[in-house]
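Participant: Generate a structure from the sequence data that follows.
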Amino acid sequence: MKKIVIVLAIITTILVINKEEKVIIPKEAIRFRVIANSNTKEDQAIKKKIVNNLSTEIKKITTLDTSLQNSRENIKKQIPSFSKVVAETLKQQENEESFSIDYGMNYFPQKEYKGIVYEEGEYESLVITLGDGLGENFWCVLFPPLCLLDTEEAPENVEYTSFVKELINKYF
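Facilitator: Coordinates of the predicted model:
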């Protein structure tokens with residue numbers, strides 16, 4: 001009987017650990033978006049480089065902010081730093097594209113993230129648009145801080161499995 005209880009406890013633990021965590025963006029959030037000029041490899045690489053180079057500025061905002069109002073103030077203060085980083089990155093890449101930075105209510109298309117669909121609409125956000133802004137974009141949430149600054153594109157349809165879970169499913 002003890003063995004059955006232990007096996008059930010292990011099974012329950014494994015199933016709980018393997019359950020995917022859902023991240024819900026609250027209604028009062030500040031989003032961040034960097035929109036590439038186009039979907040060419042070069043333009044997408046520049047977008048990723050800009051996001052990487054902005055990581056210090058983003059971390060300043062996300063680690064200092066304890067309230068929505070505080071976050072708004074810090075973002076506004078950091079806009080000149082963001083602009084400087086983008087301009088320097090474009091110069092280093094020998095790219096003469098124009099760019100714009102807009103903080104306020106900006107359009108976001110519908111997005112699915114971790115199984116949750118976020119409707120298209122106008123959201124409080126900091127948006128950096130490179131050139132014509134016709135390419136894929138990087139986005140995250142500055143407040144509350146949900147930015148993961150890994151710009152490597154992860155496959156969207158990856159399913160993680162557990163060898164132990166597969167064995168349990170096979171035999172029980």
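Participant: Centroid-nearest residue for this structure?
Facilitator: Nearest to the mean C-alpha position of the chain, counting by Cα atoms, centre = their mean, stands residue 140 at 3.2 Å.
Participant: Longest helix in the chain, please.
Facilitator: When the chain is scanned for its longest helix (criterion: DSSP state H), the result is helix 68-92.
Participant: so what does that helix touch, helix or strand wise?
Facilitator: Under the contact criterion of 3 or more Cβ pairs under 8 Å, 6 or more residues apart in numbering; DSSP states H and E, helix 68-92 touches strand 30-35, helix 41-53, helix 55-64, strand 99-108, strand 121-130, strand 137-143. (Glycine included, C-beta is placed from N, CA and C.)
Participant: Which residues does stretch 84-102 contact?
Facilitator: The set of residues external to stretch 84-102 that reach it, using Cβ atoms under 8 Å, 6 or more residues apart in numbering, is 37, 46, 49-50, 53-54, 57, 79, 82-83, 126-131.
Participant: Quick check: buried residues in that stretch?
Facilitator: Across stretch 84-102, burial judged by 16 or more other Cβ atoms under 10 Å covers 85, 86, 89, 90, 95, 97, 99.
Participant: cool, and stretch 105-121?
Facilitator: Quick answer for stretch 105-121 (16+ other Cβ under 10 Å): 106, 108, 113, 118.
Participant: pLDDT (mean, whole number) over that stretch?
Facilitator: When pLDDT is averaged over stretch 105-121, the result is 86.
Participant: Pull up the distance across it, start to finish.
Facilitator: Start-to-end span of stretch 105-121 (Cα to Cα, to the nearest Å) is 9 Å.
Participant: before we move on, back to that, among the helices and strands packed on helix 68-92, which is nearest residue 70?
Facilitator: Counting by Cβ to Cβ, residue 70 lies closest to helix 55-64 out of these; the figure is 7.4 Å.
Participant: I'd like to know the average pLDDT value across that closest one.
Facilitator: Helix 55-64 comes out at a mean pLDDT of 82.
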